[in-house]
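Novice: Just to be clear, the model below is a prediction. Sequence and coordinates:
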Amino acid sequence: MSRNWLIGIGVLAVAVVVAAVAAVATRGGGEETSAAEYEVAVVEARDRVDFALNRIATPTSQEDLLNRIDDAGGVAKSAARNLDRLSVEGELGAENDRLVRTLEAFSAELTGTAATLRDPAFGDAADSVRTLSFNEWTRMNAILKRLQNQGVDVELLGRH
């Protein structure tokens with residue numbers, strides 16, 4: 001099996017899970033999302049973003065690196081939209097609002113980084129990139145930690 005084929009299967013599997021979570025999250029009627037449903041949605045969002053960030057670490061070329069950074073930005077934006085559809089009250093609701101805003105900002109940070117590295121004024125700067133650091137990664141992990149403290153069983157984003 002080729003590596004691209006395996007990645008395609010992984011992306012398809014993630015899409016199926018996203019569709020299932022979206023179906024639960026948007027079941028209509030304005031019903032409040034249960035704690036269990038919220039945990040599933042947060043874990044899914046975190047896992048999707050973490051998977052996309054992990055892909056950034058193994059590009060095959062400069063353009064592939066930039067495409068993977070852009071893709072991760074799209075994943076973060078999609079995760080934010082999914083979480084924003086939830087009806088979550090109380091402390092979890094406040095953290096969810098912060099998580100949505102942070103994911104939106106993370107998306108902008110990622111796509112902005114790719115755009116900057118594509119800018120001709122920076123030449124081949126992407127060729128010399130060895131590490132990337134994102135402020136929103138840190139903010140997202142702080143929110144995930146607070147959610148852990150509120151009983152949500154979610155891992156922090158990994159370092160890749």
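Specialist: Sure, I can see it.
Novice: now for the helix or strand where A36 lies, which elements pack on it?
Specialist: If you go by DSSP states H and E, A36 is part of helix 35-56. Where contact means 3 or more C-beta pairs under 8 Å, 6 or more residues apart in numbering; DSSP states H and E, helix 35-56 is packed against helix 3-25, helix 62-84, helix 90-118, helix 135-149. Using the backbone N, CA and C atoms, a C-beta is placed for each residue, glycine as well.
Novice: Taking helix 90-118 as reference, get the angle to the last one.
Specialist: Inter-element angle recorded for helix 135-149 and helix 90-118: 160 degrees (by axes from the mean of the first three to the mean of the last three C-alpha atoms, to 10 degrees).
Novice: which residues touch the residue nearest in space to the middle of the chain?
Specialist: The chain has V49 as the residue nearest its centroid, 2.6 Å off, counting by C-alpha atoms, centre = their mean. For V49, the contact set (C-beta atoms under 8 Å, 6 or more residues apart in numbering) comprises 72, 75-76, 79, 103, 106, 140, 157.
Novice: Tell me which of the helices and strands packed on helix 35-56 lies nearest to E37.
Specialist: In terms of C-beta to C-beta, the element of the helices and strands packed on helix 35-56 nearest to E37 is helix 3-25, at 5.6 Å.
Novice: nearest to A36, of the contacts of V49?
Specialist: Nearest to A36 out of these is A79 (C-beta to C-beta; 18.7 Å).
Novice: one step back: rebuild the contacts of V49 as JSON lines, extending it with distance to A45.
Specialist: Formatted as JSON lines, those follow (distance: C-beta to C-beta, whole Å):
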{"residue": "A72", "distance to A45": "13"}
{"residue": "V75", "distance to A45": "9"}
{"residue": "A76", "distance to A45": "9"}
{"residue": "A79", "distance to A45": "4"}
{"residue": "L103", "distance to A45": "7"}
{"residue": "F106", "distance to A45": "11"}
{"residue": "M140", "distance to A45": "10"}
{"residue": "L157", "distance to A45": "11"}
